[in-house]
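Trainee: fold the following and give me the result.
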Amino acid sequence: MFSKPRRAIRIFKILTGTLLVVSLLLAILIFTGIIWRSPGYYKVSGIQSFEVPIMNMNTYDSFANHRRPYIYQVSTANKGSVYVLGIEHTKDSKNHQIDSIQRIWQSYQPTVALVEGRLGFLFSWFQHPVSMHGESGATVYLSKKYNIPFYTWEPERQNEVDIMLQKFSPEKVALFYSLRPYFSNFRFGKPSNPDEQLKEYIQTRTDYKGIRGIVTSVAQVDSIWKKEYPQLKDWRDTSDEYGWPEGWFSEMANYSNITRDIHMCSVIHELVAKGENVFITMGSSHAFRIEQTLRQHLKRIQ
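Mentor: You can find the predicted model right below:
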């Protein structure tokens with residue numbers, strides 16, 4: 001009969017061995033592509049300035065009846081090219097747009113792929129890429145099948161902050177990121193302690209290069225708010241459910257939505273300049289709004 005210490009040691013060894021076997025099995029499943037992980041972020045070396053601005057959503061509303069899917073190719077004289085597939089979001093594997101993705105992939109033969117979103121976990125033995133992750137899943141599936149590198153074109157928070165700082169002051173950007181989650185969550189109910197909630201957001205949402213340490217206290221937010229918006233109710237009672245306060249705050253909210261497209265176009269520029277043939281899927285509105293920006297900008301690549 002085992003003593004308690006010997007029994008504990010044996011149980012520990014069994015648990016450790018089991019954990020190692022499970023970890024090894026998981027690593028094998030990931031390595032072979034049976035289990036998917038989220039695509040990595042593309043580390044763009046710099047955010048581009050575009051001669052032709054990306055179309056904002058207000059302007060886009062007057063063009064919203066364009067063809068779908070919205071597909072086009074932009075090539076350079078001596079470098080790479082990009083095939084943009086603006087898809088009407090679908091998780092139907094039999095949707096004709098999925099056929100378009102497969103057909104264009106075969107004829108274009110890309111060297112790198114970009115997808116919208118972070119996708120997430122997928123167990124390919126039991127889950128269909130398109131049913132789980134739509135057109136992004138179809139693109140990642142092809143990337144894995146043909147051993148082509150793939151990334152999400154979404155920006156990391158630091159990239160987003162960098163883009164915002166090109167247009168707005170550090171103080172305004174820090175205030176925006178501090179108050180955005182508060183305003184967003186207010187529609188679900190006012191927190192019991194607004195000051196403590198905001199203090200948490202200040203600590204977690206401004207801990208990025210360029211805005212770190214710019215806004216440090218609730219008192220500072222009070223001071224800025226009263227100075228900039230003396231006619232409005234207190235920020236503690238403000239929601240974004242019906243829009244943001246007019247002026248630079250509203251402008252920042254709208255511009256933050258376009259930072260994704262600015263980052264995406266910067267990634268495309270960098271890859272095309274390196275001579276890559278880029279295959280990228282996105283929602284059809286993104287594809288339409290960035291087209292003229294891309295066509296004009298990529299012409300400058302020598």
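
Trainee: just confirm residue 82 is within a strand.
Mentor: Yes - assessed by DSSP: H, G, I helix; E, B strand; the rest coil, residue 82 belongs to a strand.

Trainee: next one: the residue nearest to it when sequence neighbours are not counted from residue 113, what distance?
Mentor: Spatial nearest neighbour of residue 82, excluding adjacent residues (Cβ to Cβ, 6 or more residues apart in numbering): residue 278 at 4.2 Å. In short, each C-beta sits where N, CA and C put it, glycine included. According to Cβ to Cβ, to the nearest Å, residue 278 stands 8 Å off from residue 113.

Trainee: re the thing from before, contacts only, for the residue nearest to residue 82.
Mentor: Contact analysis of residue 278 by Cβ atoms under 8 Å, 6 or more residues apart in numbering lists 80-83, 110-114, 268, 271-272.

Trainee: that one and residue 145: what is the separation?
Mentor: Counting by Cβ to Cβ - residue 278 and residue 145 are separated by 18 Å.

Trainee: residue 257 now?
Mentor: For residue 257, the distance to residue 145 - Cβ to Cβ - is 33 Å.

Trainee: the helices in the protein, which residues?
Mentor: 4-31, 57-60, 96-108, 129-145, 157-165, 170-186, 194-205, 218-228, 248-273, 284-298 (DSSP state H).

Trainee: can you put the ones you listed in a markdown table and add distance to residue 237, mean neighbour count and mean pLDDT?
Mentor: What follows is those, written out as a markdown table (distance: least, Cβ to Cβ, whole Å; neighbours: other Cβ atoms under 10 Å; pLDDT from 0 to 100):
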| stretch | distance to residue 237 | mean neighbour count | mean pLDDT |
| --- | --- | --- | --- |
| helix 4-31 | 48 | 10 | 61 |
| helix 57-60 | 27 | 12 | 86 |
| helix 96-108 | 45 | 15 | 96 |
| helix 129-145 | 38 | 22 | 87 |
| helix 157-165 | 25 | 19 | 91 |
| helix 170-186 | 8 | 21 | 92 |
| helix 194-205 | 8 | 16 | 94 |
| helix 218-228 | 11 | 15 | 94 |
| helix 248-273 | 15 | 20 | 92 |
| helix 284-298 | 33 | 20 | 96 |
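
Trainee: and residue 51, which of the ones you listed is closest to it?
Mentor: Proximity to residue 51 (Cβ to Cβ) singles out helix 284-298 among the helices of the chain, at 5.7 Å.

Trainee: what does the closest one contact?
Mentor: 48, 50-57, 60, 63-64, 66, 68-72, 74-76, 82, 84-88, 116, 260-261, 264-265, 268-269, 272.

Trainee: repeat that for 7 Å
Mentor: 48, 50-55, 60, 63, 66, 68-70, 72, 74, 76, 82, 84, 86-88, 261, 265, 268-269, 272 (Cβ atoms under 7 Å, 6 or more residues apart in numbering).
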